[in-house]
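**Q** sequence and predicted structure, then a few things I'm wondering about:
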Amino acid sequence: MDRFIDQIPDEEFKTDLENMLQRKKPFQNFKNAIDNSDFR
């Protein structure tokens, strides 16, 4: 997931994803964020 985040050009979204990995249920939050974004 870290490698994927490094490839995203949108700095704000990149920061959001990095923060999601630190919260409870990181995989679920990460998946939901990607599914609801333009990077899917």
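**A** Arrived safely. Numbers count the residues shown, from 1 in each chain.
**Q** tell me where the chain has helices.
**A** Using DSSP state H, the helices of the chain run over 2-6, 11-20, 26-35.
**Q** any chance of these in a markdown table, plus mean pLDDT?
**A** Shown next, in a markdown table, are the helices of the chain (pLDDT from 0 to 100):
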| stretch | mean pLDDT |
| --- | --- |
| helix 2-6 | 94 |
| helix 11-20 | 96 |
| helix 26-35 | 95 |
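**Q** surely Met20 is in contact with Gln28?
**A** No. Under the criterion of CB atoms under 8 Å, Met20 is not in contact with Gln28, lying 9.2 Å apart. (Glycine included, C-beta is placed from N, CA and C.)
**Q** higher neighbour count, these two?
**A** More neighbours surround Met20 than the other of Met20 and Gln28, with 21 against 11 (other CB atoms under 10 Å).
**Q** how near is the closest residue to that one other than its chain neighbours to Glu12?
**A** Nearest residue to Met20 in three dimensions, chain neighbours excluded: Asn29, at 4.3 Å (CB to CB, 6 or more residues apart in numbering). Applying CB to CB, to the nearest Å, the value for Asn29 to Glu12 is 16 Å.
**Q** out of these two, which sits in the more crowded spot?
**A** Using other CB under 10 Å as the criterion, Asn29 and Glu12 rank with Asn29 on top: 17 against 8.
**Q** which residue is most remote from the mean position of this structure?
**A** Ranked by distance from the centre of the chain (CA atoms, centre = their mean), the top residue is Lys24, with 13.8 Å.
**Q** how close does that one sit to Gln7?
**A** Distance, Lys24 to Gln7, by CB to CB: 25 Å.
**Q** many thanks, have a good one.
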